[in-house]
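Engineer: Quick one: sequence and predicted model below, then my questions.
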Amino acid sequence: MSSTLDLTFIRQMMGNDEKVVQRFLTIFKDQCPRQLQELKEHYAAHHWPELSTVAHSLKTQFKYLSIETLAAQVYEIETRAEEPPATAAQIDELGSLIRLFETELHDLLNDARLPS
Amino acid sequence: MNTTHLLHIDDEEQYSQLTKEYLEMQGFQVTLKHDADSGLAAFRSSAIDLCIIDIKMPRKDGFTLVEEIRAINEFVPVIFLTGQSTKEDKIKGLRLGADDYLTKPFSMEELYLRITAILKRVKVQEKTRTPEMFRLGGASFHVDQRELHMADQQVKLTSTEAKLLKLLCEHENKVLARDVAMRNIWGDEEYSRGYSLNVYVSKIRKLLKDEAAVEILNLHGEGYKLITKNA
C-alpha cells in the first residue's frame, strides 16, 4: 500500500476547508482503531450484520481519503458478512481478510506521513 | 436567517457531526440522530422540512425508517445517503418517495445544493397542494394558524385537534378510516389511541355544535365522516 496519503479528494469534498479536513483526519485516526476492534469482536461473536455495518462505515472513510486498497478490502469484508458465511471454511476466509486488513491499517496509522 | 429544519439520521456518529456543522453554517437548523428509532421520535416531535437518511444502519435500515415516516407524513422530502447506489436500491427508494440520492463519499457543497433545489421545488408544490383554509358551513378552519373561526368566537386548536380536523376536511364527505387517522396523528395504530381518537372527535363535534351545516358521523368499525353542506 502506498504510504503517501492524497488529500486532494477529501479537500474537494469538504469545500477546501482545511479545518474540516483536519477534523476529519483526527476523527479518522481516533475512530479507525476502535472500529477495527469492533470488527474483530463481531467476527469472534459471529455477529454478521453488525460486522457488515462496521465494515460499511470504514469503507466510506477510506474512499474519502482515496485509499482504494483498504476500501476494496473492507468492501470485501462487508459483502461477505452481508451473506452470512455458512461453512467453517467461509468463516476462516473472512477471518483471514480481517487479519490482512488489520495489518495494512496498522501500517497506515503508524505511517509518519499521515497528517497529524 | 434560514429556519428550515433538517433531520439527519446516520449511524456514523462523528462524520455526520461534520455534515451537521456544515449545514448549520449554511443557516439550517439540523437535528442529528444516529439510529432509526430516535430519528423517528425526533420526526414525530418536531416540524421537519427535509430528512437526510443513511440507508445502511444497524437494527433498522433507512428504507424501513422512511416507510414509517411516510405513514406520518406523505410529503416530507427525503434524501437518501448510500454507500453504493445499486439500481435495486434506487428503485426501492423511489418507490418510497425519495427525492434524491447521494452516494458516499459526497461533497458537502453538493449536498447543500441538492437540499436547496428540493426545498425550492417543494415550496412550489405546497402552494398548489394544501388549502390554507377549509370552510365548514359558516365556520372556517385556518390550517397554518390552527384556528377555528366561528361567528361569535375564534378558537385556537391544539396540535392534535388541528391534525384531526385537517384530516377530516381532507376526507370531506368520505370515510376517514380510524387506522389512517391514528397513523397520521400519532404515527402508529396502538389500541389505546382509539380511545384518544374518540375523545378528540368529541371535542371537535362540540366546537362545531352550532354549525348546522356540519356533521361528523361515527361509522361503527370503520371511522368517521365529515359531512358538510357548503354552498
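Structural biologist: Alright, I've got the coordinates.
Engineer: what's the neighbour count on residue A:94?
Structural biologist: As a burial measure, residue A:94 scores 20 neighbours (other Cβ atoms under 10 Å in any protein chain shown). From N, CA and C alone the C-beta is placed, and that goes for glycine too.
Engineer: Just the element for it, please.
Structural biologist: Secondary structure assigned from DSSP states H and E places residue A:94 in helix A:88-110.
Engineer: The closest residue to residue B:50 other than its chain neighbours: what's it in contact with?
Structural biologist: Leaving aside its chain neighbours, residue B:50 sits nearest to residue B:77 (4.7 Å; criterion: Cβ to Cβ, 6 or more residues apart in numbering or on different chains). For residue B:77, the residues meeting the contact criterion (Cβ atoms under 8 Å, 6 or more residues apart in numbering or on different chains) are B:49-51, B:99, B:118-119, B:122.
Engineer: Please tell me which one of those counts the most neighbours.
Structural biologist: Neighbour-wise, the contacts of residue B:77 (other Cβ under 10 Å) top out at residue B:51, 25 neighbours.
Engineer: Confirm it sits in a strand?
Structural biologist: Yes - the assignment for residue B:51 is a strand, going by DSSP: H, G, I helix; E, B strand; the rest coil.
Engineer: Any idea how many residues pack against the residue nearest to residue B:112 when sequence neighbours are not counted?
Structural biologist: Leaving aside its sequence neighbours, residue B:112 sits nearest to residue B:26 (Cβ to Cβ, 6+ apart; 5.4 Å). By other Cβ under 10 Å, 16 other residues sit near residue B:26.
Engineer: Before we move on, what's the pLDDT of residue B:26?
Structural biologist: For residue B:26, the model assigns a pLDDT of 90.
Engineer: Quick one: name the residues of chain B near chain A.
Structural biologist: B:11-12, B:14-15, B:18, B:21-22, B:56-58, B:83, B:104-109 (Cβ under 8 Å from any Cβ of the partner chain).
Engineer: what about the helices in chain B?
Structural biologist: Assigned by DSSP state H, chain B shows helices spanning B:13-25, B:36-45, B:62-72, B:87-95, B:108-129, B:159-170, B:178-186, B:193-207.
Engineer: Same list, those helices, but as CSV with distance to residue A:8 please.
Structural biologist: Listed next are these as CSV, based on distance: least, Cβ to Cβ, whole Å:
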stretch, distance to residue A:8
helix B:13-25, 18
helix B:36-45, 33
helix B:62-72, 30
helix B:87-95, 28
helix B:108-129, 16
helix B:159-170, 49
helix B:178-186, 48
helix B:193-207, 54
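Engineer: Domain parsing of chain B, as residue ranges.
Structural biologist: Under the assignment automatic domain parsing, the domains of chain B span B:5-129, B:133-228.
Engineer: Give me the distance between the longest one and the centre of its chain.
Structural biologist: Chain-centre distance of domain B:5-129: 14 Å, with Cα atoms, centre = their mean, to the nearest Å.
Engineer: For stretch B:180-190, which outside residues touch it?
Structural biologist: Here stretch B:180-190 has contacts from B:40, B:44, B:68, B:71-72, B:160, B:163-164, B:167, B:179, B:193-194, B:196-197, B:223-224, using Cβ under 8 Å, 6+ apart.
Engineer: what does stretch B:146-163 give?
Structural biologist: Contacts for stretch B:146-163 (Cβ under 8 Å, 6+ apart): B:136, B:138-143, B:145, B:165, B:184-185, B:200, B:203-204, B:207-208, B:210-211.
Engineer: Can you tell me which of those residues are classed as buried?
Structural biologist: Buried positions within these, assessed by neighbour count (16 or more other Cβ atoms under 10 Å in any protein chain shown), are B:136, B:139, B:141, B:143, B:165, B:184-185, B:200, B:203-204, B:207-208, B:211.
Engineer: ok, the residue positioned nearest the centre of chain B - contacts?
Structural biologist: Central residue of chain B (Cα atoms, centre = their mean): residue B:73, 3.0 Å from the mean position. Going by Cβ under 8 Å, 6+ apart, residue B:73 touches residue B:43.
Engineer: Likewise for the one 10 residues further on?
Structural biologist: Shown here is residue B:83, whose contacts under the criterion Cβ under 8 Å, 6+ apart are A:56, A:59-60, B:55-56, B:103-104.
Engineer: and it, what pLDDT?
Structural biologist: 78.
Engineer: Residue B:209 now?
Structural biologist: 88.
Engineer: need the contact list for it.
Structural biologist: Listed by Cβ under 8 Å, 6+ apart, residue B:209 has no contact partners.
Engineer: Compute the distance between it and chain A, please.
Structural biologist: According to Cβ to the nearest Cβ, to the nearest Å, residue B:209 and chain A sit 55 Å apart.
Engineer: same thing with residue B:69?
Structural biologist: 21 Å.
Engineer: same thing with residue B:194?
Structural biologist: 36 Å.
Engineer: what's the burial count for the residue lying closest to that residue once chain neighbours are set aside?
Structural biologist: With sequence-adjacent residues excluded and distances taken as Cβ to Cβ, 6+ apart, residue B:194 is closest to residue B:178, at 6.7 Å. By the criterion of other Cβ under 10 Å, residue B:178 has 19 neighbours.
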